[in-house]
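K.L.:
just coords:
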């Protein structure tokens with residue numbers, strides 16, 4: 001965890017890093033604390049996917065990869081957000097040092113453990129949106145990007161649901177994998193990919 005711009009109250013932020021990769025940041029300023037940032041910020045792919053749910057007061061959203069809980073800030077009253085996180089230390093950080101969960105206006109739950117195994121054992125969750133945000137590290141959980149994994153995800157989706165995958169990774173280009181899965185399951189693929197090179 002690193003504080004940045006400590007001398008500028010309007011820009012001061014608390015950044016969560018793991019393995020040299022940023023996994024979220026939150027502004028300290030009370031006027032900006034609810035603002036989603038980083039991979040889940042405004043005008044990102046997940047923001048656009050969530051916009052289509054703005055008129056669904058009982059929308060259900062699944063999120064694989066908790067980070068600092070940024071996605072919780074999007075929840076509206078009556079909506080349900082279910083987070084899947086394998087590392088209980090990440091949950092402790094999100095609840096101790098960040099306030100996105102506290103500001104959540106919908107219902108939220110966190111399921112600790114491997115997301116694929118959790119989803120495999122659960123009854124259908126009827127998600128309107130499933131966000132896969134577990135691939136930005138150097139050690140990619142490839143078992144979450146297999147045909148078998150997507151067969152499990154598919155069982156938890158509403159007929160008109162959307163799957164949003166954060167494939168930004170400085171080590172690997174995951175866009176062909178995402179495109180192949182979309183083709184296999186008959187999903188329409190939208191969005192652009194900005195490739196990042198290793199440092």
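P.N.:
All right, it came through fine. The structure displayed is predicted, hence computed values, not measured ones.

K.L.:
that's a strand at residue 61, yeah?
P.N.:
Yes: counting by DSSP: H, G, I helix; E, B strand; the rest coil, residue 61 is part of a strand.

K.L.:
that one pairs with what?
P.N.:
residue 81, residue 129 (DSSP bridges).

K.L.:
for it, give its distance to residue 163.
P.N.:
11 Å (C-beta to C-beta, to the nearest Å). From N, CA and C alone the C-beta is placed, and that goes for glycine too.

K.L.:
ok, the top strand by length along the chain: who's next to it in the sheet?
P.N.:
In the chain, taking DSSP state E as the definition, the longest strand is strand 157-165. Using DSSP bridges, the strands paired with strand 157-165 in its sheet are strand 127-132 (parallel).

K.L.:
contacts only, for the residue nearest to residue 115 when sequence neighbours are not counted.
P.N.:
Nearest non-adjacent residue to residue 115, counting by C-beta to C-beta, 6 or more residues apart in numbering: residue 84, 3.7 Å away. Residues near residue 84 by C-beta atoms under 8 Å, 6 or more residues apart in numbering: 62, 63, 64, 65, 66, 110, 111, 113, 115, 118, 119.
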